[in-house]
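Here's my sequence, what's the structure:
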Amino acid sequence: TASASFSSGVDLVPLEVCVRDRDGQPTAGLAAHEFLVLENGVPQPISFFSAEGRVRLAVSLLVDGSQSMAGARLDRAKAAAAGFIAHLRPDDLVEVMSFNERANVRYPLGSDRERAIASLERIQATGMTGLYEAVLTAAGRLGDVQSDPLKSHRGVLILLSDGEDTSSLPTFNDVLDDVRRRHLLVYTISLPAVRRKPAPPGWQLTRLARDTGGRSVAVQDLTELEPLYKDIGVELLHLYRLGYVPRSAIHD
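Coordinates of the predicted model:
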């Protein structure tokens, strides 16, 4: 399955791809000639290839810290995020943010796993949900690490929330345009709202993930959080990176 595709400012189009077998396990050891890239149905020659597992990551973990997350919901979210951080590689970077009416950087982008995990404990549930403000803040902080789409870290945003935005000034379209422009890979995880039946992810979270190459998942039970974060980690840690120059003269 393709984890992301985006056009850079030049002719080269980079792609990050995770390949899984029938059991859902990552497939290592593939060569460039084993991939087929199509654009508008036309095969494209692969001009750049990086083997599986060599794409460095810069991950922003956004954890909803609004009042509705109080109790077991926030505890489970912290534990799942801590497990994800613990499995990152030495060259990967991570940032921890919480949000209610405003975004709060708990641990700035860096490689100190212990400090990043410890920062999760400072998140407390209070206030409303400024989801769009938080995504824009995280996107801006990640944007600078992707100066070269073939050599730099891959910017990833993993957002967990249990509700729709209730306090942001920016609109959803502002957020979508920004994450597209910055070429970020977005994963969204939604918890069922308090006292409501489990439901699919909201269309905003679904589109944020779909349009950037990530995944949008609605968690039905809190026990699903840790396995889900682990699975996202497996996907991100086993990416191939490919690049091609479109044969078409139409730069659309």
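
For the stretch 101-250 of the chain, which segments count as strands?
Using DSSP state E, counting those that start in this stretch, the strands found in the stretch 101-250 of the chain span residues 103-110, 154-161, 185-190, 216-218, 239-244.

Which strands border the fourth one, and is each parallel or antiparallel?
Looking at strand 216-218 with DSSP bridges, its paired strands and their directions are strand 185-190 (parallel).

so the partner strand versus strand 239-244, what angle?
If you take axes from the mean of the first three to the mean of the last three C-alpha atoms, to 10 degrees, strand 185-190 sits at 140 degrees to strand 239-244.

So for strand 185-190, what gets flagged as buried?
185-190 (16 or more other C-beta atoms under 10 Å). For glycine as for every other residue, the C-beta is placed from the backbone atoms N, C-alpha and C.

Same check on stretch 32-40?
residue 37.

Please apply the same query to stretch 38-58.
Buried positions in stretch 38-58, judged by neighbour count with 16+ other C-beta under 10 Å: 44, 46, 48, 50, 52, 55, 57-58.

got the end-to-end distance for it?
The first residue of stretch 38-58 is 28 Å away from its last residue (C-alpha to C-alpha, to the nearest Å).

Could you do stretch 144-164 as well?
Start-to-end span of stretch 144-164 (C-alpha to C-alpha) is 28 Å.

same check, this time on stretch 50-63
32 Å.

averaged over its residues, what pLDDT does it have?
Averaging pLDDT along stretch 50-63 gives 95.

same thing with stretch 14-27?
93.

just how off-centre is it within its chain?
Offset of stretch 14-27 from its chain centre (C-alpha atoms, centre = their mean, to the nearest Å): 16 Å.

what comes up buried for that stretch?
Quick answer for stretch 14-27 (16+ other C-beta under 10 Å): 14-19, 26.

Format those residues as a markdown table; extra columns: secondary structure and distance to residue 241.
Formatted as a markdown table, the buried residues of stretch 14-27 follow (DSSP: H, G, I helix; E, B strand; the rest coil; distance: C-beta to C-beta, whole Å):
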| residue | secondary structure | distance to residue 241 |
| --- | --- | --- |
| 14 | strand | 6 |
| 15 | strand | 7 |
| 16 | strand | 6 |
| 17 | strand | 8 |
| 18 | strand | 11 |
| 19 | coil | 12 |
| 26 | strand | 14 |
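
Could you save the residues you listed as CSV and add columns showing distance to residue 168?
What follows is these, written out as CSV (distance: C-beta to C-beta, whole Å):
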residue, distance to residue 168
14, 31
15, 32
16, 29
17, 33
18, 31
19, 37
26, 36
